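# from the sequence below, what's the structure:
(one chain, ligands or ions: 2)
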Amino acid sequence: LIEAVGAREILDSRGNPTVEVEVLLDDGIVQRAAVPSGASTGAFEAYELRDGDKSRYGGKGVLKAVEAVIDELGPAIEGVEASEQRIVDEILNETDGTDNKKRTGANAILGVSLAVAKAAADSADLPLYRYLGGPNAHVLPVPLFNVINGGEHADNGIDMQEFFLAPIGAETYSESLRWGVETYHVLRAELKAAGYATGLGDEGGFAPDLPSNREGLDFLIKAIEKAGFTPGKDIALGLDVAATEFFSDGVYRLENKDWSADQLIEYYAGLVADFPIVTIEDALAEDDWDAWKSLTDALGSKVQLVGDDLFVTNPQRLADGISRGVANSLLVKVNQIGTLTETFDAVSLAQRSGYTAMLSHRSGETEDTTIADLAVATNAGQIKTGAPARSERVAKYNQLLRIEEDLADAAVFAGRSAFPRFQG
Ligand code: PGA
Ligand code: ZN
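Ligands and ions are numbered 1, 2, ... in the order given. Modelled structure (predicted):
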């Protein structure tokens, strides 16, 4: 039974305050969870409560959310069985009482939801992935390493937010990790040799001032080859365009030019023809549904089209997208929706509907590694949690190494099968 719930304000990887929650059970178990935070957040995400008190942390403090945990959310679940996750999350949502968790804050609610799950797992003496996913949780995800950072995540001139290496050809997760790391180090040397800066962006990728997005993809291909791998066969590429960030009044502003959605779709078709791209996320803006439909009709059979700002891990928005035939993959960010239950509901809906699912960190992260366990618990087969640099990113990749070891012979690496639409 849940005996007490505490919370505090800690810092995330950008040096901004975030919520950490601790849950104590009546058997003496204590577990904690910390909440991540985005920069290129979708308009339809659950509400992140910040104090707005400019005298502390530029208004970004989270003392109100901490107080909501201590005064309201915690007391509401005291005495409830920690393993009753769906009941716990329902009580949290009812206590908040709003549609988008605006009153107590999705950051407060999520912290409690995750800490309860961890405490229940510990109390059952199970690793989190096994507690959440049961005996069938066995698929190690393909890690999508975000090795070039642009957009809102870096102060460079690249419009697209994320350029991924996806080591799909490896035999095991640990091998895919090594391939990604080796290529990452070669990429640094290549950028340096070409005279570019090799400082890191928010997610641990390099943030060079490249002249074009294509140039970024060219560098990835060069690095893959120089590291001794075959592009497409061993390591494929991916993009998170985060197009909402450069969309306004029906126009996309990319590489200092104005683009219509149709022109942009044609541009993507060219990229998919020229590069071994397995996944493109948020290729269009979060509200541009008709263009999303055209994009899906044009490229959906060849490449994974992921909805991040489009779906915001929200089962209703996803259901809407599925019925319209829009996109074919769900990005999964626990703090976009704010409870574990609703996260699982979104993933289940995606999987039942022939959509793939990719677990995801946020650009503002902590040392919390819950998403690594979630990736295995859902057998999703894909995770993006930054470059193999910066401890808050590496922490998730390292947790997957532990899970791989724990699963031993039962572990299966998703590999190429994670991207059923990829024909390259
Ligand atoms: P965010 O970026 O965490 O800043 O929203 C991640 C993403 O867009 O996938
Ligand atoms: Zn995204």
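# contacts and neighbour counts: CA atoms only from here.
Noted.
# show me what from the stretch 251-400 of the chain comes close to ligand 1.
Contact residues (Cα under 6 Å from any ligand atom) of the stretch 251-400 of the chain with ligand 1: Arg362, Ser363.
# please redo it, this time with the cut-off set to 8 Å
Proximity of the stretch 251-400 of the chain to ligand 1 (Cα under 8 Å from any ligand atom) is limited to residues Glu281, Asp282, Asp308, Asp309, Leu331, Ser360, His361, Arg362, Ser363, Gly364.
# could you do the stretch 1-150 of the chain as well?
Near ligand 1, when you scan the stretch 1-150 of the chain using Cα under 8 Å from any ligand atom, you find Ser37, Gly38, Ala39, Ser40, Thr41, Gly42.
# so which of those residues is the most crowded?
Most neighbours among these, by other Cα atoms under 10 Å: Ser37, with 24 neighbours.
# shouldn't that residue be in contact with Gly364?
Yes - applying Cα atoms under 8 Å, one finds Ser37 in contact with Gly364, separated by 4.7 Å.
# name the residues contacting each of those two.
By the contact definition Cα atoms under 8 Å, 6 or more residues apart in numbering, Ser37 and Gly364 are jointly contacted by Asp12.
# now do the helices in the stretch 51-200 of the chain.
Assigned by DSSP state H, counting those that start in this stretch, the stretch 51-200 of the chain shows helices spanning 63-68, 74-77, 85-96, 106-123, 128-133, 173-193.
# most tightly surrounded among those helices?
Among these, helix 106-123 has the highest mean neighbour count (mean count of other Cα atoms under 10 Å), at a mean of 27.
# report the distance from it to the chain centre.
How far helix 106-123 lies from its chain's middle: 18 Å, per Cα atoms, centre = their mean, to the nearest Å.
# what angle separates it from helix 85-96?
150 degrees (axes from the mean of the first three to the mean of the last three Cα atoms, to 10 degrees).
# tell me the average confidence for helix 106-123?
Helix 106-123 shows a mean pLDDT of 99.
# can we start the residue count at 283 from this point?
With 283 as the first residue, the last one maps to helix 388-405.
# still on that earlier bit, which one, of the helices of the stretch 333-482 of the chain, ends up nearest to Leu689?
Nearest of the helices of the stretch 333-482 of the chain to Leu689, taken as Cα to Cα: helix 410-415 at 9.5 Å.
# what are the contacting residues of the closest one?
For helix 410-415, contacts defined as Cα under 8 Å, 6+ apart pick out 399-400, 403-404, 406, 419, 652, 655-656, 658-660, 685.
# between the residues you listed, which sits nearest Ser673?
Thr652 (14.6 Å).
# burial count for the closest one?
Residues near Thr652, counting by other Cα under 10 Å: 21.
# now do it against Val658, distance only.
10 Å (Cα to Cα, to the nearest Å).
# next: Leu499.
Taken as Cα to Cα, the span from Leu499 to Val658 is 29 Å.
# report the contact partners of the residue positioned nearest the centre of the chain.
The C-alpha lying nearest the average C-alpha coordinate of the chain belongs to Ser642 (Cα atoms, centre = their mean; 1.5 Å). Ser642 makes contacts with Leu613, Val614, Lys615, Ile653, Ile665, Lys666, Thr667, as judged by Cα under 8 Å, 6+ apart.
# tell me the pLDDT of Gly706.
pLDDT, Gly706: 82.
# just give the nearest non-adjacent residue to it, would you?
The spatial neighbour of Gly706 that comes closest, neighbours along the chain excluded (Cα to Cα, 6 or more residues apart in numbering), is Pro558 at 5.8 Å.
# what residue in the stretch 533-682 of the chain comes nearest to ligand 1?
Ligand 1 sits closest to Arg644 of the stretch 533-682 of the chain, with a gap of 3.3 Å, by Cα to the nearest ligand atom.
# that residue against Ser319, yeah?
Yes - using Cα under 8 Å, Arg644 is in contact with Ser319, at 5.7 Å.
# hmm, back to that, how about the contacts of Ser642 in TSV, adding pLDDT and secondary structure?
TSV is the format used below for those (pLDDT from 0 to 100; DSSP: H, G, I helix; E, B strand; the rest coil):
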residue	pLDDT	secondary structure
Leu613	98	strand
Val614	98	strand
Lys615	98	coil
Ile653	98	helix
Ile665	99	strand
Lys666	98	strand
Thr667	98	coil
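# for those residues, which single residue is the most surrounded?
Tallying neighbours with other Cα under 10 Å puts Val614 at the head of the contacts of Ser642, with 30 neighbours.
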